[in-house]
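Peer 1: sharing a model that was predicted from the sequence below.
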Amino acid sequence: MIIESSAPTRVDLAGGTIDIPPIFLFHEGASTVNFAVDLLAHCRIETRDDEIISIESVDRGEKFEIGLDQIASLKTETRLELLSKLIYFFRPETGFNMTTRSEAPAGAGLAGSSTLNIACIGALNELVGKRYQPDQFIQIAANVETQVIKVPAGFQDYYSAQYGGVACIHFAEDGIRREALEIDLAALQDRIVVIYTGEPRNSGTNNWEITKRHIDGDAELFELFDGIRDTSINLRQALLNSEWDLVGDILRKAHPQRKRLSPNMTTPHMDRIIDIALANGAVAPKVCGAGGGGCIAFYCENGRRNDVKNSLSSSENVEILEFSIQRSGLSITCTE
């Protein structure tokens, strides 16, 4: 049997970090806004006739094997730790080869690990006979990733991976709710340029330190997160109303707010890239993920997308990422 799964990565527009529990419980109306892109994470599982489990990450150039009777050892395995812990969780009863790869650059800040997590869960769940319902995948993903990173994992990235599209994720005491935003996808895409800075992301935002300060009642952080919450609320409404100039204004004002949250969100190289883009038709930068490297999404003036791309294409170590907004999420195919 061969199982192949894929899931889309994402560009986060607003609300990052507020999706980490328990932060969102202290900011009524907490939400995030993001859109899925067709830079996919892939997982391929092929069953074997023997009792060997082979685990390979193409992106990391790493591979190892264990016997099926050693599956308990994956609980504490440090090689390919996310994949190991997922296999330990599902405990399949047959040998197989598992291979993963991602179309997004390493350390891009496009939620590559969370997306791969969802893709692997989809494939492994198929392998074990659909033990879990799809609406359980996100909770499994967050819990296993928390075991890997050893601090609470944020939730927004799993929703873009599982469902795709443009969405607002709402966080409240009674749970998390995804709202699909029915907007003009072409209009949004025509305003966005995504570039990879050439610097792998290096934890520009230390989410655990921020979470601890928040739990300790840091007044400045509470104010900042209220602002992050308001940015998401306002951006959601502007997108639904097709108020494209207002979208740019909201994102432009959000950038210094995010830098207050984490001064290390940008590097000197990223700041130079941002200056070039803003001088050539970009309205606002949105550093993807935690920053400190990785990708930047630029929201552009109407009709200036190519100007921004051209101004950056000759910049040192900058890669223009061609993408389309991905309407669909997790995909799983199975052949005997």
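Peer 2: Looks like it came in fine. Residues are numbered from 1 along each chain as shown.
Peer 1: which outside residues touch the host helix or strand of Asp230?
Peer 2: For Asp230, the host element (DSSP states H and E) is helix 219-240. By CB atoms under 8 Å, 6 or more residues apart in numbering, the residues outside helix 219-240 that reach it are 13-18, 23, 26-27, 29-33, 166, 168, 179, 181-183, 188, 210, 213-214, 244, 246-247, 250-251, 253-254, 257-258, 260-261. Bear in mind the C-beta positions are built from the backbone N, C-alpha and C, glycine included.
Peer 1: narrow those residues to those in helices?
Peer 2: 188, 210, 213-214, 244, 246-247, 250-251, 253-254, 257-258, 260-261 (DSSP state H).
Peer 1: hmm, which of these are the buried ones?
Peer 2: Leu188, Ile210, His214, Trp244, Val247, Ile250, Leu251, Ala254, Arg258, Leu261 (16 or more other CB atoms under 10 Å).
Peer 1: which one of these is nearest Ala172?
Peer 2: His214 (17.4 Å; CB to CB).
Peer 1: against His42, how distant is that closest one?
Peer 2: 36 Å (CB to CB, to the nearest Å).
Peer 1: break down the stretch 51-200 of the chain into its helices, ranges please.
Peer 2: Using DSSP state H, counting those that start in this stretch, the helices of the stretch 51-200 of the chain run over 81-90, 112-127, 137-149, 156-163, 185-189.
Peer 1: any idea which of the ones you listed gets closest to Thr197?
Peer 2: Using CB to CB, the nearest of the helices of the stretch 51-200 of the chain to Thr197 is helix 112-127, at 15.0 Å.
Peer 1: pLDDT of that closest one, averaged?
Peer 2: The pLDDT scores in helix 112-127 average 97.
Peer 1: do stretch 29-37 as well
Peer 2: 98.
Peer 1: try stretch 166-177
Peer 2: In this model, stretch 166-177 has an average pLDDT of 97.
Peer 1: pull out the buried residues from it.
Peer 2: Val166, Ala167, Cys168, Ile169, His170, Phe171, Ile176.
Peer 1: residues in contact with the fourth one?
Peer 2: For Ile169, the contacting residues are 15, 19, 31-34, 155-156, 159, 176-179, taking CB under 8 Å, 6+ apart as the criterion.
Peer 1: what bridges to it?
Peer 2: Thr32, Arg178 (DSSP bridges).
Peer 1: which non-adjacent residue is nearest the residue positioned nearest the centre of the chain?
Peer 2: Most central in the chain under CA atoms, centre = their mean is Ala111, positioned 2.2 Å from the mean C-alpha point. Closest residue in space to Ala111, ignoring its immediate chain neighbours: Asp157 at 3.6 Å, by CB to CB, 6 or more residues apart in numbering.
Peer 1: quick check: the one you found vs Ala277, distance?
Peer 2: For Asp157, the distance to Ala277 - CB to CB - is 24 Å.
Peer 1: neighbour count for those two, which is higher?
Peer 2: Asp157 (30 against 27; other CB atoms under 10 Å).
Peer 1: surely the more buried one is in contact with Ser114?
Peer 2: Yes: counting by CB atoms under 8 Å, Ser114 is a contact partner of Asp157 at 3.7 Å.
Peer 1: what distance separates the helix holding Asp230 from the centre of its chain?
Peer 2: Distance, stretch centre to chain centre, for helix 219-240: 19 Å (CA atoms, centre = their mean, to the nearest Å).
Peer 1: give me the angle between it and helix 244-261.
Peer 2: Angle of helix 219-240 versus helix 244-261, following axes from the mean of the first three to the mean of the last three CA atoms, to 10 degrees, is 160 degrees.
Peer 1: from now on call the first residue 54
Peer 2: In the new numbering, first residue 54, that becomes helix 272-293.
Peer 1: identify all contacting residues around the lowest-mean-pLDDT helix or strand in the chain.
Peer 2: The least trusted helix or strand in the chain, going by mean pLDDT, DSSP states H and E, turns out to be helix 260-268, with a mean of 88. When contacts are defined by CB under 8 Å, 6+ apart, helix 260-268 is touched by residues 70, 73, 75-76, 79, 204-205, 207, 274-275, 278, 314-315, 343.
Peer 1: stretch 178-194 too?
Peer 2: In contact with stretch 178-194 (CB under 8 Å, 6+ apart) are residues 54, 56, 58, 98, 100, 142-147, 149, 167, 170-171, 174-175, 208, 211-212, 215, 383, 385, 387.
Peer 1: narrow those to those that are buried.
Peer 2: Looks like the contacts of stretch 178-194 have 56, 58, 98, 143, 145, 149, 167, 170-171, 174-175, 208, 211-212, 215, 383, 385 buried, using 16+ other CB under 10 Å.
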